[in-house]
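Peer 1: just the structure for this:
(4 chains)
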Number of protein chains: 2
Amino acid sequence: MPKTTASAKAEKPASARERILESALRLFYAHGTRGVGIDRIIAESGVAKMSFYNHFPSKADLVAAFLEERHRRWMAWFEAALKTRAAKPGTNLSAVADVLRTWFAAPDFHGCAFINILAETERTSTRERAIARGHKDGLLELLIGQARKDGIARPAEAGRLALIVVEGAIVRAEMTGEGDRVAADAKALLKSIANG
Amino acid sequence: MPKTTASAKAEKPASARERILESALRLFYAHGTRGVGIDRIIAESGVAKMSFYNHFPSKADLVAAFLEERHRRWMAWFEAALKTRAAKPGTNLSAVADVLRTWFAAPDFHGCAFINILAETERTSTRERAIARGHKDGLLELLIGQARKDGIARPAEAGRLALIVVEGAIVRAEMTGEGDRVAADAKALLKSIANG
DNA sequence: ATTTTGATAGACCGATCTGTCTATCTTGGC
DNA sequence: GCCAAGATAGACAGATCGGTCTATCAAAAT
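Peer 2: Presented below is the predicted three-dimensional model:
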C-alpha cells in the first residue's frame, strides 16, 4: 500500500529483528519469497547471519512473519482509507474502488502478496496458505460489514461478490498497469452489487 | 483445464521435444516455473540433458514455450466449452461461469498459469509477461465478442468488467477450494453485467 | 571489575541450480 | 555395409541455496 508516513521520531536505530522484518517486507513483496535468498535479506538489513537465525529459526519462519505483518499493515491501511471515504453521505461499498485506485498507483505496487504466495507455494504449504486465507477472511468480513452499513440486502452475498471484484481488479491492475481504468471498472461493478 | 480426452491413436512414441513440452506443461503449471528444475523436467520426460538443450537453448525458452502452448490449449478448450453452453437460447455471457465451474473442479486445478507467472517474475521479465498479457487480451476479445453476440450495450466495457469477474473468480476458487460457490457468485455478477 | 548477553564477520557444509562436455549407442539414408 | 545425425547416460563446473559454526567484540548487569 502507499507508504504510511515515516514516523516523526525518525531513524531509530531499530533492533536487528525489526530491520530483518522490514527488509523481508520490502524484498519478499517485490520479488517473491522464492526470489529472495537469506543472504540478500541479511545484507540489506545489515545484520549478521547468526543474528538472523537467532530471531528466525528458518526462512519459513521469516516468510510467515512477513505474511502476518503484511496482513496487519495492509488491513490497517485499507480499513482507515475506506473509513474516511465511506464516511461521506451516500458513498458506500463502491468507495472500496477508490481505495484500490490509490493502492494501484503506488510505485511499488506488485499485486496482492497473498495472491502471489498462492502461486509460489504448493497446496501442501499449509502454513503460508492458512495466513493467506486468514487475510482474505478478514477482508471479506470488512466488505460484509460495509455492505451491512450500507443497508444492502443479503450483505453476506454482497460481500462475497465484492471480494471477487476486488481480487479481479488487483490482478487486472498488476497485469495491465492501468490502475485507474481498472479501478473505474471495479467501481461500476461494486455499484451494481449495491443496487441489487 | 479438464483433460481433453486422450486421442484414440494412443501412446505414440512422441518426439523428445513433445515429451519435454508435455512434462513442462504439467510440472510448471502444478509447481510453478521456479519450483521445477531442468533436472526434473528431464527425468520425467525420459530425455537426455543434451537432447533437452538441443531443443531449448535455455530454461527461459522452455518457460516461454510452456506459456505459449498453455495459452493455445486453454483458449481452445475454453472457447469450445463456451460455444456449446452459449448456444442454447437465452444463455449468454453468464455461461462463462459454468465453464469456469468445470475448470475449478478439475483435480489438477492450480489457478491461472498467467496470473501465477506474474507472481513469479519481475516486472523486467518482458518475455513471460508479454505472453501473459497476450493471453488475457485474447480472453478479453472473446468476452467482448460474447457480449456483442448477446446484444449487450457497450460490449467493450462489458467485456472488461466480465474479465475482472473471471480473474477474481479464479483467484477465489484457488484460495478457498469452493469452486462451485465461487462459480455461482461469478454467474450472478455476469448476469448483472448483461442486464447492466 | 567481571561476567553475561547478544551482535559481528565470514568461513564452511551439503544440496541444488543452470548449463557444458564427453563418450557411447541407435538408427535411417545412401 | 557405412556413415552421419541424433539420442543416450552421466560426469562436471560454477553459482547460489538454506543453514551451521567459530571466533571476536561491545556493552550492560551484577
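
Peer 1: C-alpha only now, for contacts and for neighbours.
Peer 2: Noted.

Peer 1: contact partners for A:Met1?
Peer 2: A:Trp74, A:Trp77, A:Trp103, A:Ala106, A:Phe109 (C-alpha atoms under 8 Å, 6 or more residues apart in numbering or on different chains).

Peer 1: and for the first one, nearest residue in space, chain neighbours not counted?
Peer 2: Taking C-alpha to C-alpha, 6 or more residues apart in numbering or on different chains, and ignoring the residues beside it in sequence, A:Trp74 has A:Met1 as its nearest neighbour in space, at 6.5 Å.

Peer 1: one step back: which of the contacts of A:Met1 fall within helices?
Peer 2: Judged by DSSP state H, helices contain the following of those: A:Trp74, A:Trp77, A:Trp103.

Peer 1: now, which of those sits nearest A:Gly134?
Peer 2: Of all the ones in helices among the contacts of A:Met1, A:Trp74 has the smallest distance to A:Gly134: 13.0 Å, by C-alpha to C-alpha.

Peer 1: tell me the SS of the residue of chain A found nearest DNA strand C?
Peer 2: Relative to DNA strand C, the nearest point of chain A is A:Val47 (3.6 Å; C-alpha to the nearest atom of the strand). State at A:Val47, reduced to three classes by DSSP: H, G, I helix; E, B strand; the rest coil: coil.

Peer 1: from DNA strand D, how far off is it?
Peer 2: 11 Å (C-alpha to the nearest atom of the strand, to the nearest Å).

Peer 1: hmm, A:Ala16 and that residue touching each other?
Peer 2: Yes: between A:Val47 and A:Ala16 there is a contact under C-alpha atoms under 8 Å: 6.6 Å.

Peer 1: which one is A:Arg148 nearest to, not counting chain neighbours?
Peer 2: In space, A:Arg148 comes closest to A:Pro155 once its chain neighbours are excluded; the distance is 5.4 Å by C-alpha to C-alpha, 6+ apart.

Peer 1: list the contacts for that neighbour?
Peer 2: A:Ile144, A:Gly145, A:Ala147, A:Arg148.

Peer 1: near DNA strand D, list only the ones from those.
Peer 2: Among these, no residue lies close to DNA strand D (C-alpha under 7 Å from any atom of the strand).

Peer 1: can you tell me the residue of chain A closest to chain B?
Peer 2: A:Gly168 (3.6 Å; C-alpha to the nearest C-alpha).

Peer 1: ok, back up a step: in helices only, show me the contacts of A:Pro155.
Peer 2: Secondary structure defined by DSSP H assigns A:Ile144, A:Gly145, A:Ala147, A:Arg148 of these to helices.

Peer 1: and the last one, how far is that from A:Leu189?
Peer 2: To tie it back to what came earlier, the one meant is A:Arg148. From A:Arg148 over to A:Leu189 the distance is 17 Å, taken as C-alpha to C-alpha, to the nearest Å.

Peer 1: compare the two (neighbour count), which wins?
Peer 2: Legend: neighbour count by other C-alpha atoms under 10 Å in any protein chain shown for A:Arg148 and A:Leu189, higher for A:Leu189 (27 against 18).

Peer 1: contacts for the helix or strand hosting that one?
Peer 2: Assigned by DSSP states H and E, A:Leu189 falls within helix A:179-194. Outside helix A:179-194, the residues within contact range by C-alpha under 8 Å, 6+ apart are A:93-98, A:100-101, A:104-105, A:147, A:152, A:158, A:161-162, A:165-166, A:169, A:172-173, B:160-161, B:164, B:189, B:192-193, B:196.

Peer 1: repeat that for 7 Å
Peer 2: By C-alpha atoms under 7 Å, 6 or more residues apart in numbering or on different chains, the residues outside helix A:179-194 that reach it are A:93-94, A:97-98, A:100-101, A:104-105, A:152, A:158, A:162, A:165, A:169, A:172-173, B:161.

Peer 1: ok so, going back, weed out the non-buried ones from the ones in helices among the contacts of A:Met1.
Peer 2: Using 16 or more other C-alpha atoms under 10 Å in any protein chain shown as the burial test, those include A:Trp74, A:Trp77, A:Trp103 as buried.

Peer 1: for chain A, what lies in contact range of DNA strand D?
Peer 2: Near DNA strand D, when you scan chain A using C-alpha under 7 Å from any atom of the strand, you find A:34-40, A:49-50, A:53, A:57-60.

Peer 1: make TSV from these and add pLDDT to it.
Peer 2: Formatted as TSV, the residues of chain A next to DNA strand D follow (pLDDT from 0 to 100):
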residue	pLDDT
A:Arg34	97
A:Gly35	96
A:Val36	97
A:Gly37	96
A:Ile38	96
A:Asp39	96
A:Arg40	96
A:Lys49	95
A:Met50	94
A:Tyr53	95
A:Pro57	94
A:Ser58	96
A:Lys59	97
A:Ala60	96
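
Peer 1: now, which of those lie within strands?
Peer 2: If you go by DSSP state E, those have nothing in strands.

Peer 1: so who does A:Ala86 touch?
Peer 2: A:Asn92, A:Ala95.

Peer 1: how close does it get to A:Asn92?
Peer 2: Remark: distance between A:Ala86 and A:Asn92 (C-alpha to C-alpha) = 5 Å.

Peer 1: ok, now A:Ala14?
Peer 2: As for A:Ala14, its distance to A:Asn92 is 40 Å (criterion: C-alpha to C-alpha).

Peer 1: cool, A:Gly37 as well?
Peer 2: As defined by C-alpha to C-alpha, A:Gly37 lies at a distance of 43 Å from A:Asn92.

Peer 1: who's more crowded, the two?
Peer 2: Between A:Gly37 and A:Asn92, A:Asn92 has the larger neighbour count (other C-alpha under 10 Å), namely 23 against 13.

Peer 1: residues contacting the more buried one?
Peer 2: Neighbouring residues of A:Asn92 by C-alpha under 7 Å, 6+ apart: A:Ala86, A:Asp150.

Peer 1: brilliant, that's me finished.
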